[in-house]
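1. one predicted model, sequence on top.
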Amino acid sequence: MAIIFACVATLAALLLPAAAQPRGEPGRGGEPIRLVALGDSLTAGYGLPQGTAFPAVLEKALKAKGYNVEIANAGVSGDTASGGLDRLDWSVPDGTDGVILELGANDMLRGLDPAIPRRAIETIVERLKARGIPVMLAGMAASRNLGADYAEKFDSLYRDIAEKHGLVLYPFFLDGVAGDPSLNLQDGLHPTARGIEIVVARILPTVETFLATLPRR
């Protein structure tokens with residue numbers, strides 16, 4: 001009897017159309033989860049050898065834990081949040097299962113009014129949600145020499161957007177790396193390859209939480 005049930009189950013799986021085949025636990029086995037890392041130079045891997053940028057290292061770390069995931073690098077050095085919004089449609093193609101959004105650092109470095117990246121990042125989130133694409137938000141922290149008022153307005157935009165839209169939030173992308181000369185390039189702004197490894201190690205549990213929220217297909 002067990003053999004008969006097994007044969008029936010196998011036949012049913014073969015007869016199901018591809019779209020109806022289960023993906024199983026999100027990110028594990030079956031069809032790969034397709035993520036896009038949408039960001040600036042911190043995502044793009046400014047000054048780093050090929051294959052050591054954040055998306056590639058994160059993908060490798062997730063695969064080492066058994067996740068079947070592909071992460072596209074949609075980082076553009078120098079991009080502000082508004083720049084990311086301008087290229088959103090072609091940076092995040094149809095069929096994307098989720099987006100890790102890392103933008104705003106260049107807005108802060110240019111001293112732009114925090115209302116500008118707030119508006120752009122929230123618009124990105126809203127447009128992706130309208131397309132049915134979940135978002136994980138990676139926050140940034142303002143340099144304290146810009147003043148307490150600026151820092152509060154800038155830092156809070158990530159928390160506010162995440163709370164408003166029910167997003168998984170990683171509060172500070174450069175946690176554990178920012179300000180450490182040994183983990184940054186000579187410009188003091190961009191992580192070394194070792195710095196990226198630390199970024200990935202710290203953000204990994206939050207990314208796993210995000211993967212668990214993705215809808216099964």
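-> Cool, the structure landed. Residues are numbered from 1 along each chain as shown.
2. rest of the way, CA atoms for contacts and neighbours
-> Will do.
3. could you pull up the residues touching residue 53?
-> Applying C-alpha atoms under 8 Å, 6 or more residues apart in numbering to residue 53 gives the contacts 43, 44, 45, 46, 193, 196.
4. make it 7 Å
-> 43, 44, 45 (C-alpha atoms under 7 Å, 6 or more residues apart in numbering).
5. what's the answer for residue 177, then?
-> So residue 177 contacts 183, 195 (C-alpha under 7 Å, 6+ apart).
6. ok, now with 8 Å
-> Counting by C-alpha under 8 Å, 6+ apart, residue 177 makes contact with 183, 184, 191, 195, 198, 199.
7. can you give the contact residues for the top helix by length along the chain?
-> The longest helix of the chain (DSSP state H) is helix 193-213. For helix 193-213, contacts defined as C-alpha under 8 Å, 6+ apart pick out 26-27, 48, 52-54, 57-58, 61-62, 136, 168-170, 173-177, 183-184.
8. mind listing what's buried along it?
-> By neighbour count with 16 or more other C-alpha atoms under 10 Å, helix 193-213 contains the buried residues 193, 195-200, 202-204, 207, 210-211.
9. what's downstream of the helix or strand bottoming out on mean pLDDT in the chain, the next helix or strand?
-> Ranked by mean pLDDT, DSSP states H and E, the weakest helix or strand in the chain is helix 2-15, scoring a mean of 38. Using DSSP states H and E, the helix or strand that follows helix 2-15 in sequence is strand 33-39.
10. just give me the neighbour total for the residue nearest to residue 155 when sequence neighbours are not counted.
-> Excluding its sequence neighbours, the residue lying closest to residue 155 (C-alpha to C-alpha, 6 or more residues apart in numbering) is residue 141, at 5.3 Å. Using other C-alpha atoms under 10 Å, residue 141 is surrounded by 20 other residues.
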